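Q: Coordinates for the following, if possible.
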Amino acid sequence: MPTRRGWAAFAAGIALWIGARFVGSPDLHMVATGLAILPILAALFVHWSHIRVNAHRHLSSVRAFPGTKVVVSLTIENESRLTAPFLLLEDAIPPSLGRPARLVVTGIPPRNNETVSYSIHCRRRGRYSLGPLSIFITDPFGLARIRIESRQRNELIVYPEVEDIDAWNLAMHGAGSGESAVRHLQHSAAEFYTMREYVTGDDLRRIHWPSVARTGQLMIRQDESTRRSTATLFLDNRSGVVGHDGSRSFERAVSLAATVGKLLAQKGFALHLATVDSPATLVDETRLLEILASVSAVRTRSIGESLRALRATARADTSLALVTAPPPANEVQSLLRIGSGFGRKLAIFVYPASLVDLPSPAANELEARATSARSALQHAGWDVFMVEPDGRFSEVWQTGRNKKLRLAGSLS
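A: Numbering: from 1, shown residues only. Purely as a prediction, here's the structure:
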């Protein structure tokens with residue numbers, strides 16, 4: 001099919017032919033005829049070239065953090081017996097990642113391939129689908145082209161922003177040995193937590209003979225076991241509280257949940273993630289970031305039912321990390337009630353807007369609500385931090401550490 005340039009050349013040829021008729025110039029007639037026929041010949045060339053191409057897309061990384069670049073490589077294979085002519089490539093990209101990528105490939109030999117690449121700058125979290133890829137086979141003059149579409153799609157996951165914080169406030173929990181381990185002793189030798197294969201030096205009195213008979217291997221019963229500490233991370237994703245999708249406050253809340261959750265997972269906690277519209281689910285670090293990459297705001301007014309569900313499913317020694325906006329008095333009471341069912345409790349309040357951007361009455365009301373909630377929760381044993389939408393949690397976290405160090409020094 002002729003391109004815009006082809007139609008323009010055809011129209012110019014017709015106009016030149018009409019002018020040649022008035023002038024009566026045979027040479028001008030020949031030029032006009034050739035100019036008008038050239039787009040038609042170009043269309044026949046690309047239509048009868050019988051070029052068969054195949055395309056593959058490869059991403060340098062399918063998971064990335066905001067601010068990083070992902071290199072997308074496109075490998076074009078010429079499966080025909082002729083050299084591939086001029087190829088125009090257009091790879092569809094979600095608008096939030098940029099404009100569609102346009103590249104040029106020329107002269108791919110028969111049964112050969114060529115690789116071209118472009119970069120994507122990951123600006124914000126999300127799950128993105130790259131593709132389809134459109135391949136335009138065109139003539140050397142760009143007068144005609146045909147379109148071939150490769151429907152292959154690749155998923156790109158952009159994680160939320162994760163800040164670098166240390167684990168000073170979580171030192172008494174986690175998995176492993178010492179004070180971070182929670183040990184469970186069985187009531188009798190007949191009640192064992194698990195079994196393992198015999199190792200030279202084990203007490204032969206601990207051999208579990210029924211298992212030996214069943215498996216044919218010496219099995220030792222474990223009368224004492226170490227259980228991983230558990231933690232529940234709750235993200236308040238109500239649009240009327242922390243903001244709508246894409247807002248600074250909502251994205252900051254998701255980032256804070258990712259920061260705290262990643263730290264808990266790295267320190268050995270059995271981590272459960274919950275939101276207003278999703279019950280607590282056991283996650284590892286990768287699964288946590290994948291879920292938070294696509295979490296969205298919901299239109300729900302109350303979180304009372306979600307909090308009660310958390311309390312009903314958690315053990316008494318489970319740590320709780322809560323990310324929300326400064327709550328009103330009625331929600332503070334709900335937090336105090338469910339907090340009694342947990343061990344260590346951490347609350348992070350994200351202001352729905354920067355205080356400097358709000359009118360003075362609204363800013364004062366929000367600040368008073370946050371201060372009241374922090375005071376009530378701290379009195380009940382919570383650790384409370386407050387962060388503005390544009391603030392850095394790492395700085396607030398470090399400030400809290402310094403205050404505790406000074407307090408410990410004064411008490412000693």
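Q: Residue 219 reaches residue 197, doesn't it?
A: Yes - in terms of C-beta atoms under 8 Å, residue 219 counts as a neighbour of residue 197; the distance is 6.3 Å. Heads up, the C-betas are built off the backbone N, CA and C, glycines and all.
Q: So the two - more neighbours on which side?
A: The residue with more neighbours, out of residue 219 and residue 197, is residue 219; 20 against 11, by other C-beta atoms under 10 Å.
Q: Retrieve the pLDDT associated with the closest residue to that one other than its chain neighbours.
A: Using C-beta to C-beta, 6 or more residues apart in numbering and skipping residues adjacent in sequence, the residue nearest residue 219 is residue 211, 4.0 Å away. pLDDT for residue 211: 83.
Q: Repeat that for residue 395.
A: The model's pLDDT for residue 395 equals 90.
Q: Now do it: how many residues are near it, please.
A: 12.
Q: quick one, phi/psi of it?
A: Note on residue 395: its backbone torsions stand at phi -70, psi -40 [degrees, to the nearest 10].
Q: hang on, the earlier thing: return the set of buried residues in the strand or helix carrying the residue nearest to residue 219.
A: In this assignment (DSSP states H and E), residue 211 forms part of helix 209-215. Of all the residues in helix 209-215, those buried under the rule 16 or more other C-beta atoms under 10 Å are residue 211.
Q: Output that helix as CSV, restricted to C-alpha atoms.
A: Taking C-alpha atoms only, helix 209-215 is exported to CSV below (Å, rounded to 0.1, in the frame of the first residue of the first chain):
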residue,chain,number,x,y,z
TRP,A,209,11.7,-46.8,64.2
PRO,A,210,8.3,-46.7,62.4
SER,A,211,9.8,-44.2,60.0
VAL,A,212,12.9,-46.4,59.6
ALA,A,213,10.6,-49.3,58.6
ARG,A,214,8.6,-47.2,56.2
THR,A,215,11.6,-45.4,54.5
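Q: List the beta-bridge partners for residue 273.
A: residue 233, residue 281 (DSSP bridges).
Q: Distance-wise, check it relative to residue 44.
A: 60 Å (C-beta to C-beta, to the nearest Å).
Q: who's more crowded, the two?
A: residue 273 (25 against 12).
Q: which residues touch the more buried one?
A: 232, 233, 235, 257, 261, 280, 281, 283, 288, 291, 292 (C-beta atoms under 8 Å, 6 or more residues apart in numbering).
Q: Give me the spatial nearest neighbour of residue 89, chain neighbours excluded.
A: Per C-beta to C-beta, 6+ apart, closest to residue 89 is residue 103, 4.5 Å.
Q: now stretch 398-412: mean pLDDT?
A: 63.
Q: whoops, I mixed them up, stretch 2-15
A: The model assigns stretch 2-15 a mean pLDDT of 87.
Q: residues making contact with it?
A: Contacting residues not belonging to stretch 2-15 are listed as 32-40, 42-43, 138, 141-145 [C-beta under 8 Å, 6+ apart].
Q: Same question for stretch 81-89.
A: 45-46, 49-51, 53, 55, 74, 76, 78, 101-111, 116, 133-140, 142, 145.
Q: filter the residues you listed to the buried ones?
A: Buried among the contacts of stretch 81-89 (16+ other C-beta under 10 Å): 45-46, 49, 51, 53, 55, 74, 76, 78, 101, 105, 108, 116, 133-139, 142, 145.
Q: Now do the contacts for the residue nearest to residue 89.
A: Residues near residue 103 by C-beta under 8 Å, 6+ apart: 74, 88, 89, 91, 116, 118.
Q: what secondary structure does residue 18 sit in?
A: helix (DSSP: H, G, I helix; E, B strand; the rest coil).
Q: Give me the phi and psi for residue 329.
A: phi -60, psi -40.
Q: Test my guess that it contacts residue 372.
A: Yes - the pair residue 329 / residue 372 is scored as a contact, 7.1 Å apart, by C-beta under 8 Å.
Q: The two: who's more crowded?
A: A direct count of neighbours by other C-beta under 10 Å for residue 329 and residue 372 places residue 372 higher, at 15 against 10.
Q: Follow the chain on from the helix or strand that one falls within and name the next helix or strand.
A: Element membership for residue 372 (DSSP H and E) is helix 360-379. Moving toward the C-terminus from helix 360-379, the next helix or strand (DSSP H and E) is strand 383-387.
Q: what helices or strands is that next one leaning on?
A: Helices and strands touching strand 383-387, by 3 or more C-beta pairs under 8 Å, 6 or more residues apart in numbering; DSSP states H and E, are strand 345-350, helix 360-379, helix 393-411.
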